[in-house]
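In: Need coordinates for the below:
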Amino acid sequence: MRRLLIGVVTVLAVLLAGCSTRSDSKNAGAEETAPATAGASPMAGGRDFGTLKDVCGRGEAGAGGAQGVTANDIKTGVFTDVGWNKIPDFVDAAKVFTSWCNDNGGINGRKLTPVIHDAGMEVRQRMQQACKEDFALVGGAAGLDGLGAKDRVNCLLPAFAAQSSMAPAVGSDLQVIASGPYADYFSYAGLYKWLLTEKYPASAKDVGIISGDSPVTKTMSEQFKESIAQLGGKVSYTELYPATGVSDWTAYAQSIKNKKVKGLVFLGDFGSLAKLEQSLSSLDYTLDWVDSNSNSYGAPFLKLAGAALGTQHNYAELFGTHPLETSSPAVDRIKQLYAKYAPDASVSYLSLRAFSAWLLFATSARDCAELTRKCVYDNATKITDWTAGGIQAPFDLSHSHQPGKCYSIVEATPKGWKPADFEPDDGAYRCDAPTLKYKGKYTKPVTLADVGKSMSNLK
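Out: The predicted structure follows:
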């Protein structure tokens, strides 16, 4: 399952099914050292990023002492599933950010040395390796991150993740994520308030959910069902599909038509969703809306869905991240840096999420007189209005377990992705998302207490 920020839909659906076609990891533990020097003059537009000033630069680094920290560099782990899913976004973001930062002097004179941990089904092995070597985890994620959450908390390894997926990891201790998801709250409250009570109120009592047949997606399906009910809606149709995929979606499309479903939640990979929508269109049945989720936000889904985008209405919530289709100083800055340091790479939604994580780590580490895990973590969790220099709407990291109010929604059309007509009230964002707390009993995130430790152990 690869639903971004809650479950990485393609990865989990196939990995949990025991797929044997995953490419072997060739990059696990490999270091990507940026061509930087601590004394370099400002490069690529200087040391500022949007509203953030002097993100990187020279300074008196000291001798080091913490794990992964020397007088010359900081070793940061970057989790990815690139060996399996062939999506290099986290690796690309690490290369671009650290190259730019190091060219501008690094973190108080220390260069950032990203260590790529290609996880796939070997999350625990890669996490145990990171526990022995890295100072912190930054700007990455793994679809099966919950499998390594206990190891990470036990070894007191802070994580500045781009996203989090499985229940044990979402909201786990010593993890700082710049916005969503949340362990105890529905992460898509803004989108569903808009869909069910404003844009398509006639659909509220006829919502369908199709999800991959795995324990993770089944739990998610229950959470969506519960949250939709809190908004006055009703799930009238649910269906599972084999985690290994479906060759012909006609039967599913016919069931949706027979049940007169008006709005669809799809918890699966966007390739399967595209085929389902083509089958619906061939039956001349149009849904009011489809939550295609942020996983679909990109050119590949547009190409796969094709003509179906002319009849089906696909929306995705971006957790208050600025859309790529509209200009902003921060998004334009990222595109500038990619053009310099990774001209063959694409800037994606995951790129923006990863950059927010890197900026948070870098500025938190910069402000430490002595670079320790405790100092970096404490600095990050004191921030009450994190915007990553303008990449996202403000988020209170001091209360990160509570959902933010701001959200952004994009729509897929035959001409491409575009901001939806959801009536933003603060720039690219709308900031009136309701707070929907889960009432059901679901798997809880890993805490320090679960491994017999407390914050006093963090040094």
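
In: Helix, strand, or coil at H117?
Out: Under DSSP: H, G, I helix; E, B strand; the rest coil, H117 falls in the strand class.

In: what's the neighbour count on the residue nearest to it when sequence neighbours are not counted?
Out: In this structure, H117 finds its nearest non-sequential neighbour in R126, 4.1 Å apart by Cβ to Cβ, 6 or more residues apart in numbering. Every residue, glycine included, has its C-beta placed from N, CA and C. Residues near R126, counting by other Cβ atoms under 10 Å, number 25.

In: so what pLDDT did R126 get?
Out: On pLDDT, R126 comes in at 98.

In: Got phi/psi on it?
Out: phi -70, psi -40 (degrees, to the nearest 10).

In: ok, it touching G148?
Out: Yes. Counting by Cβ atoms under 8 Å, G148 is a contact partner of R126 at 7.1 Å.

In: What lies in contact with the helix or strand where I256 lies?
Out: Following DSSP states H and E, one finds I256 within helix 250-258. The contact list for helix 250-258 (Cβ atoms under 8 Å, 6 or more residues apart in numbering) reads 208, 210, 237, 239, 241, 246, 264, 276, 279-280, 282-283, 285, 287.

In: Quickly check these for the two that are furthest apart.
Out: Y237 and S282 (19.4 Å; Cβ to Cβ).

In: Give me the more crowded residue out of those two.
Out: Higher neighbour count among Y237 and S282: Y237, with 16 against 13, using other Cβ under 10 Å.

In: Check the gap between the residue nearest to H117 and E60 for me.
Out: From R126 across to E60, the span is 34 Å (Cβ to Cβ, to the nearest Å).

In: One more: S456?
Out: Separation of S456 from E60 (Cβ to Cβ) stands at 29 Å.

In: what's the answer for S351, then?
Out: 32 Å.

In: Looking at these two, which is more packed in?
Out: S351 (27 against 7).

In: the strands in the stretch 1-150 of the chain, which residues?
Out: 30-31, 73-80, 111-118, 136-138 (DSSP state E, counting those that start in this stretch).

In: what's the average pLDDT for the third one?
Out: This points to strand 111-118. The average pLDDT within strand 111-118 is 98.

In: now do the shortest one
Out: The average of the pLDDT scores along strand 30-31 is 34.

In: Specify the residue ranges that define each domain of the chain.
Out: If you go by automatic domain parsing, the domain ranges for the chain are 1-183+327-401, 189-318+405-419.

In: tell me the helices in this protein, going along the chain?
Out: 9-16, 82-85, 89-103, 123-133, 149-154, 189-194, 215-230, 250-258, 270-282, 299-305, 329-341, 349-366, 373-380 (DSSP state H).

In: Return the residues in contact with K418.
Out: By Cβ under 8 Å, 6+ apart, the contact set of K418 is 323, 325, 410-411.

In: From A189, how far out is it?
Out: Distance, K418 to A189, by Cβ to Cβ: 22 Å.

In: and if you look at Q223?
Out: Taking Cβ to Cβ, one finds Q223 at 12 Å from A189.

In: Equivalent analysis for K437, please.
Out: In this view, K437 and A189 are 10 Å apart by Cβ to Cβ.

In: Looking at the two, which one has more neighbours?
Out: A189 (23 against 14).

In: okay, the more buried one: pLDDT?
Out: 97.

In: what's the spacing between it and S351?
Out: Going from A189 to S351 by Cβ to Cβ gives 25 Å.

In: how long is stretch 404-412 end to end?
Out: Chord length of stretch 404-412, first to last residue, is 24 Å (Cα to Cα, to the nearest Å).

In: ok so, going back, buried ones among the contacts of K418?
Out: 323, 410-411 (16 or more other Cβ atoms under 10 Å).

In: number of nearby residues for the closest residue to Y192 other than its chain neighbours?
Out: Among residues not flanking Y192 along the chain, L231 sits closest, at 5.7 Å (Cβ to Cβ, 6+ apart). As a burial measure, L231 scores 17 neighbours (other Cβ under 10 Å).

In: show me what contacts T238?
Out: Counting by Cβ under 8 Å, 6+ apart, T238 touches 208-211, 221, 225.

In: Just the pLDDT for it.
Out: pLDDT, read off for T238, is 97.

In: State the distance from it to D213.
Out: 12 Å.

In: what would the buried ones among the contacts of K418 look like in a markdown table with distance to K259 and pLDDT?
Out: Formatted as a markdown table, the buried ones among the contacts of K418 follow (distance: Cβ to Cβ, whole Å; pLDDT from 0 to 100):
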| residue | distance to K259 | pLDDT |
| --- | --- | --- |
| P323 | 33 | 97 |
| V410 | 28 | 98 |
| E411 | 24 | 98 |
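
In: now stretch 259-276, how far from the chain's geometric center?
Out: The gap between where stretch 259-276 is centred and where its chain is centred comes out at 21 Å by Cα atoms, centre = their mean, to the nearest Å.

In: Repeat that for stretch 141-155.
Out: Remark: stretch 141-155 is offset 15 Å from the chain centroid, using Cα atoms, centre = their mean.
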